[in-house]
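Undergrad: Here you go, sequence then predicted model.
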Amino acid sequence: MTTTPNTKIANGKQAVAQPNYHPKSYELQRYGSIHTVPLGMPEETLKQNVGMLNQLLADSITMYNLYKKHHWQVTGPTFYQLHLLLDKHADEVLETVDAIAERIQTLGGVTTGMPFEVAEMTKIEHPPTGQEDIPAMLARTVNAHATIIKTIRDGIEQSDDNKDYTTNDLLSSKVLPMHELQVWFVSQHLVNTPIVDNTQGTARA
C-alpha cells in the first residue's frame, strides 16, 4: 500500500482520521467579482454596491483599530472616562463591521479584511506609531469619522438610486446614526473648558 505524509497505518489498515494540513489551495471567487444571486438587481448594481461597501468596510476596520489604539494609549485627568468611552465606541464600530461584511457576501461579492488590504484601501489618515496627546488623538478620531460619514452618505444616495433598499436601510438606519452619535460624544471632549473650578485665585465680582 502506498502511503503519503498525511496517511497513518493502524493494524495494517489505512487510517482516515489524520487531518490534511497541506491541502491544495484555490480561489472559489476572485476579489472584485460577483457571483449570480437572485436578488432582483442587475449585476452591475451589485458590483457597484459591493465596491462601495468594501471601501466602507476597510475604513470601518481602520476606525475600530484607531479606537483601540486610543483606548490603550489615552492618558491624563480624564483617563478613566475616555478609556471606557473609546472602548465602547470600538465595540459599536465592530458590530457594523460584521453587518457590512455580511451584506457584501449577501450581494454576491467578496469581502476585504486582511490588514495589508485594509491599509492599502482605507481613506483614513494613518496615525503615528507613537502616542499622541489627547486633543490630537480625539481630533484625529473625529476626522476619521468625517471620512467614513462621507462614504456612508454617498453610499446611501447610490443604494437609493439603484434600488438596493436593504443596503440603503443598513447604512441610513444603523451605520450612519452610530457614527454621527460618536462624533458628538468625542467632539464634546474637544471643547476648551476646564475640568475644575477656574475661578480660584481670582477676584470675584
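TA: Sure, I can see it.
Undergrad: shaky segments in this protein?
TA: Applying pLDDT under 70 to the predicted model, the residue ranges of the chain that meet it are 1-15, 195, 197-205.
Undergrad: all helices for it, in order.
TA: With DSSP state H applied, the chain shows helices at 43-73, 79-106, 115-121, 134-161, 165-170, 176-187, listed in chain order.
Undergrad: Any buried residues in the first one, and which?
TA: By neighbour count on 16 or more other C-beta atoms under 10 Å, the buried set for helix 43-73 is 45-50, 52-71. For the C-beta atoms, the positions are set from N, CA and C on the backbone; glycine is no exception.
Undergrad: now do the shortest one
TA: Buried residues in helix 165-170, counting neighbours by 16+ other C-beta under 10 Å, are found at 167, 168, 170.
Undergrad: Check which helices and strands it is in contact with.
TA: helix 79-106, helix 134-161 (3 or more C-beta pairs under 8 Å, 6 or more residues apart in numbering; DSSP states H and E).
Undergrad: And for the fourth one?
TA: Using 3+ C-beta pairs under 8 Å, 6+ apart as the contact test, the elements touching helix 134-161 are helix 43-73, helix 165-170, helix 176-187.
Undergrad: ditto for the longest one
TA: Helix 43-73 sits against helix 79-106, helix 115-121, helix 134-161, with contacts defined as 3+ C-beta pairs under 8 Å, 6+ apart.
Undergrad: Can you give the contact residues for the shortest one?
TA: Contacts with helix 115-121, where a contact means C-beta atoms under 8 Å, 6 or more residues apart in numbering, come from 54, 55, 58, 59, 61, 62, 112, 126.
Undergrad: residues contacting the second one?
TA: The one in question is residue 55. Contact partners of residue 55, counting by C-beta under 8 Å, 6+ apart, are 121, 123, 151.
Undergrad: Please spell out the ChimeraX selection for the buried subset of those.
TA: The following ChimeraX selection, which keeps only the buried ones among the contacts of residue 55, applies the criterion 16+ other C-beta under 10 Å:
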select :121,151
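Undergrad: Let me see the contact set for the residue nearest to residue 172 when sequence neighbours are not counted.
TA: Ranked by C-beta to C-beta, 6 or more residues apart in numbering and with sequence neighbours excluded, the top spatial neighbour of residue 172 is residue 156, at 5.1 Å. Under the criterion of C-beta under 8 Å, 6+ apart, the neighbours of residue 156 are 168, 171, 172, 176.
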